[in-house]
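Chemist: test case, fold it:
(one chain, ligands or ions: 1)
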Amino acid sequence: MVVEVKSRMEATEANQQRVETNILLLGAHSVGKTALTVRFLTRRFIGEYGDIESIYSRVDRVDGQEICINIWDSQAGGKSCSFSDKQLQWADGMVLVYDICDRASFEVVRQQLQLIRRSRKMSMAPVVIVGNKRDLQHRRSVSGEEGHLLAMTERCGFFEVSAAETYHGVLLVFHRLVDLVRETRALRKSMAGVRGIVRSVSAVFGKKRAE
Ligand SMILES: Nc1nc2c(ncn2[C@@H]2O[C@H](COP(=O)(O)OP(=O)(O)OP(=O)(O)O)[C@@H](O)[C@H]2O)c(=O)[nH]1
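Modeler: Residues are numbered from 1 along each chain as shown. From the prediction side, this is the model:
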């Protein structure tokens with residue numbers, strides 16, 4: 001496994017700034033994490049994928065800004081819901097994938113969400129939940145309403161897609177998460193500004209009281 005942690009901002013030749021967005025894909029074994037990643041990167045569905053955990057990149061232009069989307073396609077160990085601190089530290093946002101025909105994989109997403117919300121760095125991080133394999137309606141065991149409800153309760157985005165059938169739905173998933181990451185960064189920046197003002201004001205009044 002080769003993991004390259006890149007700097008968040010990279011100056012382009014035109015002296016513009018290219019923003020890096022790191023997306024971590026989590027979910028149980030065989031839910032279609034690699035299929036979604038490959039669909040997004042190449043528009044293709046190839047059916048069978050090797051067992052290589054890796055980070056892939058694609059550059060998109062969103063609202064006139066170049067965004068380098070790095071995707072860490074994690075590998076699940078059986079129905080295990082674990083992930084590493086390193087993965088959490090790296091990620092700006094996460095896609096949690098389950099298979100709509102596999103209830104156990106939905107429970108893995110629920111558990112992973114709990115772990116994420118408990119971690120300090122990621123408690124407020126943007127998350128999009130994805131029910132994959134929508135083409136297999138006849139084998140469905142998790143309803144769309146259940147997915148929606150979990151996403152609403154946990155303040156996450158939600159999509160049902162088929163990596164096998166369409167590119168567009170998969171594109172929407174990644175672009176929605178990029179938007180959420182941008183909104184979260186803007187919010188953090190404005191909160192840091194407010195905290196700075198509060199600190200300056202308290203410093204002035206603290207000084208006056210001391211005089
Ligand atoms: N019918 C259908 N099959 C899919 C879809 N997405 C993935 N698959 C199949 O599901 C199987 C597992 O897909 P992967 O993308 O390897 O799943 P993964 O989550 O990356 O699996 P691990 O890396 O082992 O954790 C493959 O046989 C895919 O062809 C889908 O949307 N519909």
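
Chemist: make it CA atoms for all contacts and neighbour counts henceforth
Modeler: Will do.

Chemist: return the residues of this protein in contact with the ligand.
Modeler: 28-35, 47-49, 51, 75-76, 132-133, 135-136, 162-164 (CA under 6 Å from any ligand atom).

Chemist: which of these are buried?
Modeler: Neighbour counting by 16 or more other CA atoms under 10 Å classes 28-35, 75-76, 132-133, 135, 162-164 among the residues of the chain next to the ligand as buried.

Chemist: so which of the residues you listed are in strands?
Modeler: Judged by DSSP state E, strands contain the following of these: Asn132.

Chemist: give me the lowest-pLDDT entry from the buried ones among the residues of the chain next to the ligand.
Modeler: Across the set of those, Ala76 stands lowest in pLDDT, at 72.

Chemist: and that one, what does it touch?
Modeler: The contact partners of Ala76, taken as CA atoms under 8 Å, 6 or more residues apart in numbering, are Leu26, Gly27, Ala28, His29.

Chemist: in terms of helices and strands, where is the first one?
Modeler: The reference is to Leu26. Per DSSP states H and E: Leu26 is located in strand 17-27.

Chemist: so which other helices or strands are in contact with that strand?
Modeler: Strand 17-27 sits against strand 9-11, helix 33-42, strand 65-73, strand 93-99, helix 103-118, with contacts defined as 3 or more CA pairs under 8 Å, 6 or more residues apart in numbering; DSSP states H and E.
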